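1. this is a predicted model, with the sequence first.
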Amino acid sequence: MDKKLEEIIVNSFFTKRLKNRIMFELSSTKKRKNAIGRLCHNYRTTLREEYMIEIPKPNSCPIDIGRLLKKHGADDSCYAISWDTKIDGKILPLLDALEAAVGMGMPSILYSITNQVAYFEAEQETLPSPRFILKRTY
């Protein structure tokens with residue numbers, strides 16, 4: 001886990017009232033899933049909606065999502081906060097992370113390290129899972 005990167009992600013995209021709690025939960029091995037679980041059904045009150053850009057359907061192809069992220073400034077690598085323990089807390093090639101996260105059915109944030117842009121997929125309630133680009137504009 002990279003606390004510094006996670007702090008950047010939380011400060012960039014999470015609502016102010018939850019930032020401290022999310023950071024506490026992410027830094028605890030026992031509570032980490034609680035923080036990620038907040039992105040299941042409550043993502044619209046956990047993340048700042050003004051930075052969420054819904055990815056139009058069909059949106060289940062990792063390659064297409066990767067291209068879209070690149071258009072928004074993403075690099076070739078990303079940091080993952082994910083329900084999937086194989087990618088959670090790791091820096092990975094963007095396409096590899098997308099292939100693991102897209103369609104998994106549980107939440108993931110894949111953060112482009114050098115730019116303020118990320119991919120977010122919520123828990124699957126209906127097909128497909130809600131998918132967004134998270135992007136700060138300064």
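-> In hand now; what should we look at? Numbering: from 1, shown residues only.
2. shouldn't Glu7 be in contact with Met23?
-> Yes - using Cβ atoms under 8 Å, Glu7 is in contact with Met23, at 6.3 Å. (Each C-beta comes from the backbone N, C-alpha and C, glycine too.)
3. more neighbours, the two?
-> Per other Cβ atoms under 10 Å, whichever of Glu7 and Met23 has more neighbours is Met23, with 18 against 15.
4. wait, that one touches Val10, no?
-> Yes - look at Met23 against Val10 with Cβ under 8 Å: they come within range, at 5.6 Å.
5. tell me the contacts of Arg136?
-> By Cβ atoms under 8 Å, 6 or more residues apart in numbering, Arg136 lies in contact with Ser12, Phe13, Tyr51, Gln116, Val117.
6. can you put those residues in a markdown table and add secondary structure and neighbour count?
-> Shown next, in a markdown table, are these (DSSP: H, G, I helix; E, B strand; the rest coil; neighbours: other Cβ atoms under 10 Å):
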| residue | secondary structure | neighbour count |
| --- | --- | --- |
| Ser12 | helix | 17 |
| Phe13 | helix | 23 |
| Tyr51 | helix | 19 |
| Gln116 | coil | 18 |
| Val117 | strand | 24 |
